[in-house]
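Student: Structure for the following, please:
(3 chains)
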Amino acid sequence: MVDGLVHVALLILMPLPMLGLINRVKSIAAGRKGPPILQPVYDVVKLLQKGAVYSRTTTWLFVAGPIVALASSLLAALIVPLASTTSPFGFPADVFVFAYLLGVGRFFTMTAALDTGSAFEGMGASREAAYAALAEPALFLALMIVCIPAHSASFSDAFASIPAAGGLLRHPGLLLATLSLGVVLLAEASRIPVDDPNTHLELTMIHEVMVLDHGGPDFAFIQIGYALKFFVLGAVLVHLVLPIPASGWMAPVLFVAGQAGVAITVGIIESFMARLRLTRVPQFLIGACVVAAVGVLVLFTGGRP
Amino acid sequence: MSSILTVALVLTLLSVTLFIVAASLSALLGRHDRASLAVGTAGSVLGCGVGLAGSVMALLDGGTETVASAWRLPIGAIQVGIDPLSAFFLLCIFLVCGLGALFGAGYMRGWLGRRRLAPALAFFNVLAASMVAVVLARDGVLFLLAWEAMSLSSFFLVTFEGDRPDTRRAGIVYLIASHAGLVPLILLFVLLGGPSGSFAFDGILAAGAPAAVLATTCFLLALAGFGLKAGFWPLHAWLPEAHPAAPSHVSAVMSGVMIKMGIYGLLRTLTFLGDPPEWWGFVFIVVGVVSGVGGILHAIAQTDLKRLLAYSSVENVGIVSLGLGLGLIGRANGNATMAFLGFGGALLHVLNHGVMKGLLFQAAGSVLHATGTRDLDSLGGLLRRMPFTGAAFLTGSVAISGLPPLGGFVGELLIYVGAFTGAVELPSSSALWPLVVVPALALIGGLASACFVKAFGVGFLGSPRTPAAASAHEASPTMRVAMVLGIVLCLAVGVVPAVALRLVEAPAQFLSGAATLPAIVPAILSAAMRAALALMATVGILAVVRWALLRRREVRQAATWGCGYEAPTARMQYTAASFADPVLEPSESIFVQRIVHDGLEGPFPRSAHHERRMGDVVADRVIGPAIRGMVASFKWLDVLQQGGVPRYLVWVLLTVVVLLVWQLGAF
Amino acid sequence: MSLNADLLLLLVIGIDLFIGSTGRLGARIRACALQGLVLAALPLAIQGTGVLTGGERVLHTVLAVLATLLLKAVAIPYFLMRAMRQSGVQREAEPEHSLHLSLLLCAVLVGLSFWISAVMLPPPEAGSSPLGVPAGLATLLVGLYLTVGGRTELTQVIGYLVLENGVFVIGQRVLGEFPLVVELGVLLDVLVAVMLMAVLVAFGHRQDPSAAGNGAATPVGGAR
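Tutor: Residues are numbered from 1 along each chain as shown, chains lettered A, B, ... in the order given. Below is the predicted model:
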């Protein structure tokens, strides 16, 4: 019960400030003071209070897009254990359901983008479709590396079975899974080097350009959904890197620290790295798939655990 | 022998009779199109209804029964029978054909007064009857006869618009492909019937499993013959030609169930071959990965809506093949859970794909009906004008991308869990094979999403690109009823997967040899159900929240953002080809591209033209050159055939002399 | 068997894949140097700190490590870099030309080497890393691919070097110790070969600029 409450509390409190933290890290690296860490929260609250403007071309799907995107991220975030090794909504084979829930959200975001009939948003949707399709195998392979030793395709069992001691070097396969999941996180959450969330040129955007025409509460839904998606993929990474205990006060502390670490790392990457040329992105993602595949091979070479 | 099974068998045979009567009547009424349409449709729908009842009864009973007729064919008896495997495929046939006939009743009206409808109706009924006969047949000869009737009747349906050159070409390709596929099948049954001296399935089974070499030969022959019908890569090249050419409700039946007869044939053959060696499963997995990825990549490259759907059938048959591979590996290793999950997932996907591909082809048909074009780049904005059709296509798209909360997801989930079970429980030497399925299915799923976002987004969203699309009208009521039923079925499998499990349980146990239902299956399905329901509930709640937020606020309409450009035209929208480009970029080298580019030269270019066509790699690189080579290698026969009668007389004389000499020499 | 050796071997595989996936020769050479560094560290990771307390063998090992370090991580990359600068060829392929296929092929080679070592070779003896033979084989195969499939002379030399690194890894696994004599011999061979090739590349370029890289590579000015 307490675990469930902690889960929900983290879910409500953490995702948006994490984005603020990334921006803060980037500002500091650029020698600026930067906006407050809670700025994304203020933005969302403001958006929720606004009216909306819809393009004359759009249909009901344009409205459905943000709703489905937020709903699917929300459910995905309920499936993954946060500050514990069990989750309130876990079930057998939830790993596969998790990935497909993210897929539903993406499907409807892309169709909502195409609903405007804008070439920019079509461009964004087609890039998102291409990169998501390439990131998918990497995500599944990385999750398999974690799940096979646990003999269960459920996040709760998988995280519980990761040995606590030894950090990232607990198993070489785990290291590769972490690497490849990191790439998936950057691609799925549209961060540098795959996409630049701060760009101001429509032609170079991916995620931002898909949601150009949304405004008001719809855009707030999109922002929350996006933050949740980043948060939940970050949570999976944190569980791979840090030994989060099954319960106790240490668990939330470690988890929050880990998520902050993820945000800071992403911020640092964004400060010191340029985004890849669009034709290079597929190779980056294929590389992630290959790394995860090597991880699976290593897992099986060392005598399957 | 249970009486339920007897009733079920009688019902299915009754449905065959109904189909044949309807076919004859609609053919006899040839001059009266409306009457012919009414009789043909009524016969199909009634027959499917009766048959559906029979097949569900047989599935729930789960038993096996065979009946031999007193008649005899020249080289075999007429034996029919029903078992869980047959009953399951019967269910698919009746569902998809029934919906197809219903849709066809509205769809065919478009041709009233322009074309004789009787042949299409008669052959539709013959096609349904012959598919049922294929599944019911318990004798090799009857099986092949029904198989051939199926191929021929569908050939006549493909060439319904035979006065169009591209349709004629598609028909010829289809005819050649079906008959090429028949050769290995005849060989297969000769080999199978050899040891027992009988083509009856009972006799083949009674003779016991064939020796390893013979079994492998039979397996490979079945893979070639049935794989060609199923559309396995690289035997698929006929499929994107033939399926789009047929009227849309026929395309639905062909893609939805007829290609699954190939899967049925493979499964039936496997029951004759005893315990499968493990590598057969590996073969299926390789075939599945290649078909899945190859099919969906080519589907993304298409701009013709029905061709895109046809290629997507290749992809889905690939997914079925992945499931079959897992099932076979599970059986070879004595792992009943994995075998059940693999076969069960494959069968459920057969059913799902029948329903959702039927729905998609019907929606594509009503688009074609309303706008007269299949070219995605001439469509756009149809969701506003055709809300039912749009909803049907959207439902089909989400379902076929394997996303919750619709049916496609449940089948794929079973396959995923089967693969995972294999990876964990098999000895580690063969555990990597099932594990290959996981990333492959993930990639296929991601690409399918891209493909169907493109098809739906470009065709139905945005603004209309041509006057035809702007003046589109919604489909007729019968067509809408068929599509709504399809939507309901897609949703039902996703939300109440326990019912779907009940349907695949008996055949999956029959194939996998699992004595009981593995405990993990109901757990997974209830989890899938919970996820689907939770997703729909959350969406509902959020929709209410949004409504409440916007209730008292200003909601305005404006033009789409175009960087401040206020006079956008429909032609500025992203096209199907441009959407596909980034997805295809990493795999461009596997396509045969034809790029036509001219214009944009000099300081004042006049008009520019750029065209890029993605050909089919198998058709263009393998089959085309092979046929050209064959034609070239037969050039020397020109010496024989020159049109002069005297020369022919010389050949006749020479032949007689040679024969005489040979005969004399022999004796 | 320590985990560190496993990680180092993984790094070796990772470098193989990186070399296969980048078109810039400078990056390839640097990756080669890094691989040399990893190889030098490998005996330390395998034998642990025991190396430094093993009496007579200490000198042997330390010398070998130093030699490897000097040659593989410093000298040879230095000469290659110089050759690259002199020849003016900086890229294996046009930047527009995607290297997915090359990367996927390298991945297949890595998979193949895991399969070969699992199916065809005897299992590793207790206490040694199970990754040794696959990593070595993978490096060898990727090196072979680069040597055979390389379009510029420099890539062929790099491929040869990578191939030799693979031999080094396998040799260490099979002999279980640092095969000094064999290793030094091979190293000298490589050094000579590399220097010769470098000279050839430089000369070939000076005499006929269009011949450099068989036309596949872009001169500096054109690429930037």
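Student: Could you use CA atoms for every contact and neighbour count after this?
Tutor: Noted.
Student: which residues touch the residue nearest to the spatial centre of chain A?
Tutor: Taking C-alpha atoms, centre = their mean, the centroid of chain A lies closest to A:Phe230, which sits 2.9 Å from it. By C-alpha atoms under 8 Å, 6 or more residues apart in numbering or on different chains, the residues touching A:Phe230 are A:15, A:185, A:188-189.
Student: Recalculate using a threshold of 10 Å.
Tutor: For A:Phe230, the contacting residues are A:15-16, A:18-19, A:73, A:77, A:185-186, A:188-191, A:224, A:262-263, by C-alpha atoms under 10 Å, 6 or more residues apart in numbering or on different chains.
Student: Give me every residue in the stretch 201-305 of chain A lying close to chain B.
Tutor: Within the stretch 201-305 of chain A, the positions adjacent to chain B are A:201-202, A:212-214, A:216-218, A:221, A:278-283, A:286, A:289, A:293, A:296-297, A:300-301, A:303-305 by C-alpha under 10 Å from any C-alpha of the partner chain.
Student: Could you turn the buried ones of those into a ChimeraX selection?
Tutor: To isolate the buried members of these in ChimeraX, using 16 or more other C-alpha atoms under 10 Å in any protein chain shown:
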select /A:202,212,213,214,216,217,218,221,280,281,282,283,286,289,293,296,297,300,301,304
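Student: and the residue nearest to the centre of chain A, which of the three is it?
Tutor: helix (DSSP: H, G, I helix; E, B strand; the rest coil).
Student: where's it relative to chain C, distance?
Tutor: Here the criterion is C-alpha to the nearest C-alpha, to the nearest Å. By it, A:Phe230 lies 27 Å from chain C.
Student: quick one: which of the contacts of A:Phe230 sit in helices?
Tutor: Taking DSSP state H as the definition of helices, the contacts of A:Phe230 contribute A:15-16, A:18-19, A:73, A:77, A:185-186, A:188, A:224, A:262-263.
Student: for these, which one is nearest B:Gly256?
Tutor: The shortest approach to B:Gly256 among these belongs to A:Ser73, at 32.9 Å (C-alpha to C-alpha).
Student: can you list the ones in helices among the contacts of A:Phe230 in JSON lines and add distance to B:Ser248?
Tutor: Output for the ones in helices among the contacts of A:Phe230, formatted as JSON lines (distance: C-alpha to C-alpha, whole Å):
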{"residue": "A:Pro15", "distance to B:Ser248": "48"}
{"residue": "A:Leu16", "distance to B:Ser248": "49"}
{"residue": "A:Met18", "distance to B:Ser248": "51"}
{"residue": "A:Leu19", "distance to B:Ser248": "49"}
{"residue": "A:Ser73", "distance to B:Ser248": "37"}
{"residue": "A:Ala77", "distance to B:Ser248": "42"}
{"residue": "A:Leu185", "distance to B:Ser248": "42"}
{"residue": "A:Leu186", "distance to B:Ser248": "43"}
{"residue": "A:Glu188", "distance to B:Ser248": "37"}
{"residue": "A:Ile224", "distance to B:Ser248": "42"}
{"residue": "A:Val262", "distance to B:Ser248": "52"}
{"residue": "A:Ala263", "distance to B:Ser248": "52"}
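Student: can you give me the strands for chain B?
Tutor: All strands of chain B, identified by DSSP state E, fall at B:65-73, B:76-82, B:555-558, B:592-598, B:609-615.
Student: Just the angle for the fourth one relative to strand B:609-615, thanks.
Tutor: It refers to strand B:592-598. When axes from the mean of the first three to the mean of the last three C-alpha atoms, to 10 degrees is applied, the directions of strand B:592-598 and strand B:609-615 differ by 170 degrees.
Student: Put the alpha carbons of strand B:592-598 into CSV.
Tutor: The C-alpha trace of strand B:592-598 is given here as CSV (Å, rounded to 0.1, in the frame of the first residue of the first chain):
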residue,chain,number,x,y,z
VAL,B,592,15.1,-2.2,-57.2
GLN,B,593,14.7,1.5,-57.7
ARG,B,594,13.8,3.2,-60.9
ILE,B,595,14.5,6.9,-60.7
VAL,B,596,13.3,9.3,-63.4
HIS,B,597,14.6,12.8,-62.9
ASP,B,598,14.5,15.6,-65.3
